[in-house]
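> Sequence plus predicted model, see below.
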Amino acid sequence: MAATLLKVRGLKVAYGGIQAVKGIDFEVHEGELVSLIGANGAGKTTTLKAVTGLQPVAMGDIEYLGKPIKGQGAWDLARQGLVMIPEGRGTFTRMTIVENLQMGAYNRDDDEIDADIEKVFGIFPRLKERAEQLAGTMSGGEQQMLAMGRALMARPKVLLLDEPSMGLSPIMVDKIFEVVETIHKQGVTMLLVEQNASRALSLADRGYVMDSGLVTMSGEAKALLHDPRVREAYLGE
Ligand SMILES: Nc1ncnc2c1ncn2[C@@H]1O[C@H](COP(=O)(O)OP(=O)(O)O)[C@@H](O)[C@H]1O
Ligand SMILES: [Mg+2]
């Protein structure tokens with residue numbers, strides 16, 4: 001069986017008195033695409049933030065590459081390959097595309113950075129066409145592509161994506177999911193958070209369903225996709 005890269009046990013996260021995540025378990029194995037789905041407010045973003053060191057953990061344990069990481073900062077974790085693409089992209093708007101991609105490699109000092117930029121351009125030809133354009137002048141979909149490209153420049157061992165399709169036009173949504181699949185096929189391990197349950201589960205190996213701070217269902221993604229409870233609650237059937 002593939003190595004467990006990320007293992008979360010009994011995770012609880014609170015904002016003041018509000019319990020947003022109420023004790024959840026999940027894991028991500030090497031090479032997997034795992035989807036975390038659930039309604040708005042279920043606790044998905046909070047979970048990603050806690051895992052990546054952006055939000056304090058109230059209770060529970062997080063292991064990354066077999067070692068406990070609870071309490072480590074986001075910067076340190078990103079340097080170790082635990083990389084999140086936040087909701088709303090977070091590109092450097094006053095830098096060009098190429099500069100944004102170079103920033104993504106801040107954790108590296110090898111001599112393959114330019115070669116990796118070319119690889120990113122291979123996945124996202126549109127970024128190549130606009131290499132010298134300022135990121136802030138691009139459309140939402142293009143900025144999502146840039147955010148993904150920038151994250152890949154860090155050579156992530158686990159890539160966490162928070163709602164990459166949110167707010168995009170249907171054509172862009174298709175494009176983004178296509179790229180998620182491409183990146184997965186290239187061997188990048190991913191945890192994909194999506195409200196678009198149908199698309200996310202179609203692509204994934206396994207899935208978890210979150211509701212009100214708890215994991216209520218989990219299993220093979222295809223099984224979840226065909227589960228009547230999932231279809232009723234998250235696929236509008
Ligand atoms: N910064 C915050 N301060 C207080 N409550 C928050 C904050 N962020 C999220 N919450 C609350 O935590 C719960 C989970 O939110 P979130 O993790 O963003 O859910 P999701 O990403 O699944 O939509 C919600 O009830 C939300 O209102
Ligand atoms: Mg969210």
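Structure's in. What do you need? Residues are numbered from 1 along each chain as shown. Ligands and ions are numbered 1, 2, ... in the order given.
> switch to C-alpha atoms for all contacts and neighbour counts from now on
Fine.
> separation between residue 156 and residue 94?
If you measure residue 156 against residue 94 using C-alpha to C-alpha, to the nearest Å, the figure is 24 Å.
> Same question for residue 147.
Distance from residue 147 to residue 94, by C-alpha to C-alpha: 14 Å.
> Neighbour count: those two, which is higher?
residue 147 (27 against 13; other C-alpha atoms under 10 Å).
> Could you give me the buried positions within the helix or strand that contains that one?
If you go by DSSP states H and E, residue 147 is part of helix 140-153. Buried residues in helix 140-153, defined by neighbour count with 16 or more other C-alpha atoms under 10 Å: 140-153.
> Contacts only, for residue 2.
By C-alpha atoms under 8 Å, 6 or more residues apart in numbering, the contact list for residue 2 reads 29, 30, 31.
> Report whether it is found in a strand, as I expect.
No - going by DSSP: H, G, I helix; E, B strand; the rest coil, the assignment for residue 2 is coil, not a strand.
> Any residues of this protein in contact with ligand 1? List them.
Proximity of the chain to ligand 1 (C-alpha under 6 Å from any ligand atom) is limited to residues 15, 20, 40, 41, 42, 43, 44, 45, 46.
> Report the contact partners of the last one.
Taking C-alpha under 8 Å, 6+ apart as the criterion, residue 46 is in contact with 13, 20, 21, 55.
> coming back round to it: now render the buried residues of helix 140-153 as JSON lines, adding pLDDT.
Listed next are the buried residues of helix 140-153 as JSON lines, based on pLDDT from 0 to 100:
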{"residue": "140", "pLDDT": "89"}
{"residue": "141", "pLDDT": "90"}
{"residue": "142", "pLDDT": "92"}
{"residue": "143", "pLDDT": "92"}
{"residue": "144", "pLDDT": "92"}
{"residue": "145", "pLDDT": "93"}
{"residue": "146", "pLDDT": "95"}
{"residue": "147", "pLDDT": "94"}
{"residue": "148", "pLDDT": "94"}
{"residue": "149", "pLDDT": "95"}
{"residue": "150", "pLDDT": "94"}
{"residue": "151", "pLDDT": "93"}
{"residue": "152", "pLDDT": "94"}
{"residue": "153", "pLDDT": "95"}
